[in-house]
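**Q** predicted structure and sequence below. I'll ask about it afterward.
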Amino acid sequence: MDLQQALCTAQGACLFTLVVYAAIRDVKVRRIPTRAVLAGLLAGVVLQAVRGVPFGPDAVVGGLAQSAAGAVAGGGIFFALYWLGGFGAGDAKLMAAVGALTSWRFVLWAVVYTAVAGAVLALAVLIKHGGWRGALRRAAKSTRSERRAAVSRADPATTVPYAVAICVGCVWAAGYLIVRDGVWPW
């Protein structure tokens, strides 16, 4: 295994460790630890930069730019959803770390698969606890501040720990891209 493959494997290991840990913590305590997210961001920046070292300063800058673009793409998409009152800030920070570890292209795939996984999880919670028609009607008619207030006072048993959907989406995206291309997708 050459250096580039080892660094790609390290990125994959960091990514999967981060999303699995975040999912477990989100299920247990309904919070995504900021320290874990910051460690993921830092690991992404460092690993992307180190991957460029053998190729010169331009490649290092390119790796840093790829890390930044991924963090902005992942964090930006989920921050917009956080601002609308649909997600917690931890979910946005987690997707920024995923982007820093991978790339903006990977983040776009992960967001699509995360949305599918999140929809399935949300539907399962709605079906389990009943009242899904009323919940959909209230969500469609509510304002951003009303949604935020409802989420903050909601019973944790009736909400979706979205880090689980992010974890499933990232694993699904990585698996699909690895099978499609035969290499790590970052």
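**A** Arrived safely.
**Q** now the helix or strand containing residue 4: buried residues?
**A** Assigned by DSSP states H and E, residue 4 belongs to helix 3-29. Buried residues in helix 3-29, counting neighbours by 16 or more other CB atoms under 10 Å, are found at 7-8, 10-12, 14-15, 18-19, 21-23, 25-26. Placement of C-beta: from N, CA and C, glycine included.
**Q** for that helix, packing partners?
**A** helix 34-52, helix 89-101, helix 162-181 (3 or more CB pairs under 8 Å, 6 or more residues apart in numbering; DSSP states H and E).
**Q** tell me the mean pLDDT over that helix?
**A** Across helix 3-29, pLDDT averages out at 94.
**Q** how big is the angle separating that helix from helix 162-181?
**A** 150 degrees (axes from the mean of the first three to the mean of the last three CA atoms, to 10 degrees).
**Q** what angle do helix 3-29 and helix 89-101 make?
**A** 170 degrees.
**Q** still on that earlier bit, nearest to residue 179, of the buried residues of helix 3-29?
**A** Distance to residue 179, by CB to CB, is smallest for residue 12 among these, at 14.2 Å.
**Q** my guess is the closest one contacts residue 184, does it?
**A** Yes - using CB atoms under 8 Å as the test, residue 12 is close enough to residue 184 to be in contact (5.9 Å).
**Q** quick one: low-confidence residue ranges for this protein.
**A** Counting by pLDDT under 70, the chain contains low-confidence ranges at 1, 130-136, 138-142, 144, 146-158.
**Q** residue at max distance from the center of it?
**A** Centroid-distance maximum for the chain: residue 56 at 30.5 Å, with CA atoms, centre = their mean.
**Q** that one and residue 63: what is the separation?
**A** 11 Å (CB to CB, to the nearest Å).
**Q** so which of the helices and strands packed on helix 3-29 is nearest residue 128?
**A** That would be helix 162-181 among the helices and strands packed on helix 3-29, by CB to CB, at 14.7 Å.
**Q** now do the shared contacts for residue 12 and residue 184.
**A** residue 174 (CB atoms under 8 Å, 6 or more residues apart in numbering).
**Q** only the buried residues of stretch 169-176, if you could.
**A** Result for stretch 169-176 [16+ other CB under 10 Å]: buried residues 169-174.
**Q** find the centremost residue of this protein, please.
**A** Central residue of the chain (CA atoms, centre = their mean): residue 95, at 3.2 Å.
**Q** cool, thanks, talk later.
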